[in-house]
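**Student:** mind folding the following:
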Amino acid sequence: MKKQLLLFVMMMLPIVASADAVEIDGICYNLISKIKTAEVTSNPNKYTGDVVIPESVTYENVNYSVTSIGERAFYSCSALTSVTIPNSVTIISSYAFIGCYGLTTITIPNSVTSIGDETFFNCSGLTSVTIPNSVTSIGNGVFKCCSALNTITIPNSLTSIVYETFFECSGLTSVTIPNSVTIIEPLAFSGCSGLTSINIPNSVTSIGSGAFGGCSSLTSITIPSSVTSIGWYAFSGCSSLTSITIPNSVTSIGLETFLNCSALTSITIPSSVTSIGGYAFSGCSSLTSITIPNSVTSIGGRAFQGCLGLTSVNIGSGIKDIGSETFASCPELTNIYCHAINVPNTYADAFKDSYIEYATLHVPAESVNAYKAADPWKNFKEIVALTDSDPKPDETGINVVWKTEDNKAVIYDLNGVRQSKPQKGINIINGKKYLLK
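**Tutor:** Next up, the predicted model:
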């Protein structure tokens, strides 16, 4: 037993000898004698006021370069008002400035390459931060709950906005994401209730779950065609969002993606989408109509529940499954156009509390009797055959394929140039978009 204890002590000796905590001019350091570097560490008496970290320190006639700020170095130093970080520092470790409520600004020098997890978490007085291009790595939740932060510069050296980077930064009003970023991770901007606009560059391929959830002041957002994946509840609770266009690179709309986007009046779903998840548009009370393209085969439970203003739904021919309460509590529902020849597998409560006994269902002529015999479709007041004038599913707002001659038609191309006859592709005819194949 004594031999084992002695061996343990001997193993620990190099560690203790290589990193000794000392206080020099009011700042505590871990000194690493082997490589002559110093790391700023916590002070038992807490740091206060203005702290200036030197580039180097001398201890027992040995010079040490200050290269890092250690974990929790300034943890809960609520009376700290400013910190000057020298150009010698390359690493700011995790939790370094957690709970420094009095810190209002900080300049990160261009020597820093890495900032750890939750470094400035709950620095509620911090108003602006500039991250230099030297920084290539930022940990999770770096500025989480920095409620006063209103200005942030994101460098083009970063390739992702990681998990909870700006979570609950309610004072942030606008953000420019550089072209270097390819991924916006889950909850990256969640709870940024002051954010009114954001530019997502066409370098971004993925928007994580809850990335913009609760951004209640966000009025519009453009999702570039580079995006192939949008996570669950990505825009949930964006109650000021009025319109959004989903690019045709996206194949599915996940769970709660636009839940409670109560100001949303229009949404464009592209023909690349094959499924719409549960609660995807639930609570979108300003939405009056929705077109679901032919490519969609399934609509999840409660996907459009509580869309109080919804009057018209246009469902494509590819639909096979409609979930529980998908269109429940849509009391203004007047017309549903379902282009599926085969009656979709539909939960009996799909139209619960939507008063479909007063609404009209439009279906293919050859399927009228099948819908009249199937639950819950048979409960519509009228079930009638689709006509050529009825809306047809299309992700671009093109109502029908132009098939007839009309000598009086007013025709323009997409550049607004008047045409004598429809051209192959998209035309604007009598104020509406048409496709000539």
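
**Student:** distance of the residue nearest to Leu287 when sequence neighbours are not counted relative to Cys215?
**Tutor:** Excluding the flanking residues, the one nearest Leu287 by C-beta to C-beta, 6 or more residues apart in numbering is Cys307, at 5.1 Å. To be clear about C-beta, it is placed using only N, CA and C from the backbone, and glycine gets the same treatment. Computed as C-beta to C-beta, to the nearest Å, the Cys307 to Cys215 distance reads 21 Å.

**Student:** residues near Ile27, how many?
**Tutor:** 19 (other C-beta atoms under 10 Å).

**Student:** for the residue nearest to Leu287, which residues are in contact?
**Tutor:** Contacts for Cys307 were tallied using C-beta atoms under 8 Å, 6 or more residues apart in numbering; they are Phe281, Ser282, Gly283, Cys284, Ser285, Leu287, Ile290, Phe327, Cys330.

**Student:** backbone phi and psi for the fifth one, please?
**Tutor:** Same thing as Ser285. Backbone torsions of Ser285, given as degrees, to the nearest 10, read phi -70, psi -10.

**Student:** can you tell me the average pLDDT over stretch 254-264?
**Tutor:** Computed over stretch 254-264, the mean pLDDT rounds to 97.

**Student:** repeat that for stretch 97-115.
**Tutor:** 95.

**Student:** what does stretch 220-231 give?
**Tutor:** Average pLDDT, stretch 220-231: 92.

**Student:** check stretch 323-339 too.
**Tutor:** 97.

**Student:** quick one: end-to-end distance for it.
**Tutor:** Start-to-end span of stretch 323-339 (C-alpha to C-alpha, to the nearest Å) is 17 Å.

**Student:** how about low-confidence regions in this structure?
**Tutor:** Applying pLDDT under 70 to the chain flags residues 1-20, 394-410, 412-418, 424-437.

**Student:** show me where it has helices.
**Tutor:** Here the chain has its helices, by DSSP state H, at 2-18, 368-372.

**Student:** list the contacts for Ser137?
**Tutor:** Counted by C-beta under 8 Å, 6+ apart, Ser137 has contacts Thr113, Ser114, Ile115.

**Student:** again, only using 7 Å
**Tutor:** Residues near Ser137 by C-beta atoms under 7 Å, 6 or more residues apart in numbering: Thr113, Ser114.

**Student:** so it bridges to which residues?
**Tutor:** Beta bridges link Ser137 to Ser114 when assigned by DSSP bridges.

**Student:** and Ile336, how far from Ile69?
**Tutor:** 61 Å.

**Student:** dump the residue contacts of Glu164.
**Tutor:** Asn140, Gly141, Lys144, Leu187, Ala188.

**Student:** sorry, back to before: now, the contacts of Cys307 that are in strands?
**Tutor:** Members of these lying in strands (criterion: DSSP state E): Ile290.

**Student:** and the contacts of Cys307, which is closest to Phe120?
**Tutor:** Checking these against Phe120 by C-beta to C-beta gives Gly283 as the nearest, at 33.7 Å.

**Student:** what's the neighbour count on the nearest residue to the closest one once chain neighbours are set aside?
**Tutor:** Distances taken as C-beta to C-beta, 6+ apart put Asn260 closest to Gly283, at 3.9 Å, once the chain neighbours are dropped. Neighbours of Asn260 under the rule other C-beta under 10 Å: 22.

**Student:** what residues does Asn260 make contact with?
**Tutor:** Ser236, Gly237, Ser239, Gly283.

**Student:** run the last query once more with 10 Å
**Tutor:** Going by C-beta atoms under 10 Å, 6 or more residues apart in numbering, Asn260 touches 213-214, 216, 233, 235-239, 279, 281-285, 306.

**Student:** cool, Val135 as well?
**Tutor:** Under the contact definition (C-beta under 10 Å, 6+ apart), the residues listed for Val135 are Ile92, Ile108, Asn110, Ser111, Val112, Thr113, Ser114, Ile115, Ile154, Pro155, Ser157, Leu158.

**Student:** please indicate which of these are buried?
**Tutor:** Ile92, Ile108, Ser111, Val112, Ser114, Ile115, Ile154, Pro155, Ser157, Leu158 (16 or more other C-beta atoms under 10 Å).

**Student:** not counting its neighbours along the chain, what's nearest Leu310?
**Tutor:** What sits nearest to Leu310 in space, not counting adjacent residues and going by C-beta to C-beta, 6+ apart, is Cys330, at 4.6 Å.

**Student:** which ones are touching the residue nearest the centre of the chain?
**Tutor:** Nearest to the mean C-alpha position of the chain, by C-alpha atoms, centre = their mean, lies Ala211 at 2.8 Å. When contacts are counted by C-beta under 10 Å, 6+ apart, Ala211 touches 161, 163, 165, 183-190, 200, 230-231, 233-236.

**Student:** rerun that using 8 Å as the cut-off
**Tutor:** Ile184, Glu185, Pro186, Leu187, Ala188, Phe189, Ser190, Gly231, Ala234.

**Student:** of all these, which two lie farthest apart?
**Tutor:** Longest span within those, C-beta to C-beta: Phe189 and Gly231, 12.6 Å.

**Student:** neighbour count for these two, which is higher?
**Tutor:** Shown here are Phe189 and Gly231; by other C-beta under 10 Å, Phe189 has more neighbours (25 against 21).

**Student:** that one contacts Leu195, correct?
**Tutor:** Yes: counting by C-beta atoms under 8 Å, Leu195 is a contact partner of Phe189 at 6.4 Å.

**Student:** which neighbours do the two have in common?
**Tutor:** Looking at what touches both Phe189 and Leu195 (by C-beta under 8 Å, 6+ apart), the common residues are Leu172, Val175, Phe212, Cys215.

**Student:** can you pull the contacts of Tyr355?
**Tutor:** Pro331, Leu333.

**Student:** use 53 as the first number for this chain going forward.
**Tutor:** With the count now opening at 53, the last piece we talked about shows up as Tyr407.

**Student:** distance check, Thr271 against Ser292.
**Tutor:** 5 Å.

**Student:** I meant to write Val348 there.
**Tutor:** 27 Å.

**Student:** neighbour count for the two, which is higher?
**Tutor:** Neighbour comparison, Val348 and Ser292: the larger count goes to Val348, with 23 against 17 (by other C-beta under 10 Å).

**Student:** my guess is that one contacts Asp373. True?
**Tutor:** No: applying C-beta under 8 Å, one finds Val348 not in contact with Asp373, separated by 10.0 Å.
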